[in-house]
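> Requesting a structural model of the entry that follows:
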Amino acid sequence: MEDLRLIIDENYNENIGIRIDKFLSDELSEHSRAYIQKLLDNGHITVNSKPVKANYKLKSDDIIDIDIPEPEIIEIVPKDIPINIVYEDKDIIVVDKPKGMVVHPAPGHYDDTLVNALMYHCKDLSTINGVMRPGIVHRIDMDTSGLLVICKNDTAHRIMSEKFKIHDINRIYTAICHNHFKESEGTIDKPIARHRTDRKKMAIDERGRRAVTHYKVIESLKDNMSLIECKLETGRTHQIRVHMASINHSLLGDEIYGTKSKKFNLQGQTLHAGVLGFNHPITNEYMEFHSELPEYFKTILKVLEQ
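I've put the predicted structure just below:
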């Protein structure tokens, strides 16, 4: 079971009076509102140590305790899937994930994920995120390529999770986006939450969590495209994709937040996690890893730079 506690303090003042099922489905964006309601019905969520119904409206200083049961799924089977390990020691593994690979098992992807590959390569992974996500501290989208750090033990996992929580991680992405820029760099500081009607999407929402992306233009390309770098200050789901679309610079290939591009026969957005830097969770030594752009990305750039 995953135990969580949320306190409706000054950081959540704007949520006072909101239904608890609505609040929690936004706050725990990986879970649907229907799932949250089921947890409430089954007593897995309490407010001030008492069970409440889905229509309970939040009050100041409410203490919400959430027990999320481990999902009942088939056993996750180790699979001999090639992965590019760029660093490994007794505590962590840094992997360069290819475009098209799902990070952890989910409906439709139970035996072809990074987790399946990691379990084949490494018998011991941290258990904090349960059987579905052993060792996984953070994720990148299926169609985003690049660097991820995975933890082998619970001590390293707890420390790395805290680093991500306090934004003590250096993460820089490279992307191709639509439209040229008037400015050479900028910062997008807009809160992000689960879309209010389309649960598969995220959206700019004043009731969401703060999200900050710093971007820099690397090159203006042909066909009114731009090559950019994005440095994450926070790490919300789909953050770069949502933020860039919000300023009319949706990522090339992003059909969810932008427009479909037939020119390059793309499957998903052109986004690459190229830099990952952090202090080692045990030794505290600063480590920084760099990943080259994948071949498909380089091919597109050659066409757009000619």
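> any idea whether the residue nearest to Leu114 when sequence neighbours are not counted is helix, strand or coil?
Leaving aside its sequence neighbours, Leu114 sits nearest to Val103 (CB to CB, 6 or more residues apart in numbering; 4.9 Å). (C-beta placed from N, C-alpha, C; glycine too.) The assignment at Val103 comes out as coil when based on DSSP: H, G, I helix; E, B strand; the rest coil.
> Pull the number of nearby residues for Val103.
Val103 sits with 22 neighbouring residues when counted by other CB atoms under 10 Å.
> Looks like it contacts Val115 (just checking).
Yes. In this structure Val103 lies within contact range of Val115 using CB atoms under 8 Å: 7.0 Å.
> Spit out the residues that contact the two alike.
Taking CB atoms under 8 Å, 6 or more residues apart in numbering as the contact rule, Val103 and Val115 both touch Arg133, Ile136.
> Can you check what pLDDT the model gives Asn84?
pLDDT recorded at Asn84 is 97.
> Same check on Gln267?
87.
> Neighbours of it, how many?
By the measure other CB under 10 Å, the count of residues near Gln267 is 12.
> and it, what is it in contact with?
Gln267 sits next to Lys99, Gly100, Asp143, Gly253 when contact means CB under 8 Å, 6+ apart.
> I'd like the distance from Leu276 to Asp3, if you could.
29 Å (CB to CB, to the nearest Å).
> which one of these two has more residues nearby?
Neighbour tally, Leu276 and Asp3, criterion other CB under 10 Å: the higher count belongs to Leu276, 23 against 8.
> packing partners for the helix or strand hosting that one?
Here Leu276 sits within strand 271-279, counting by DSSP states H and E. For strand 271-279, the elements it packs on are strand 145-151, helix 154-165, strand 170-178, strand 286-290, judged by 3 or more CB pairs under 8 Å, 6 or more residues apart in numbering; DSSP states H and E.
> Can you check what angle separates that strand from strand 286-290?
Taking axes from the mean of the first three to the mean of the last three CA atoms, to 10 degrees, one finds strand 271-279 and strand 286-290 inclined to each other by 160 degrees.
> Report the buried residues of strand 271-279.
If you call a residue buried by 16 or more other CB atoms under 10 Å, then strand 271-279 has these buried ones: Leu271, His272, Ala273, Gly274, Val275, Leu276, Phe278.
> And for stretch 175-185?
Across stretch 175-185, burial judged by 16+ other CB under 10 Å covers Ala175, Ile176, Cys177, His178, Phe181.
> Serialize the residues you listed to CSV and add fields for pLDDT and distance to Asn153.
Written out in CSV, the entries for the buried residues of stretch 175-185 read as follows (pLDDT from 0 to 100; distance: CB to CB, whole Å):
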residue, pLDDT, distance to Asn153
Ala175, 98, 33
Ile176, 98, 38
Cys177, 97, 39
His178, 97, 43
Phe181, 97, 44
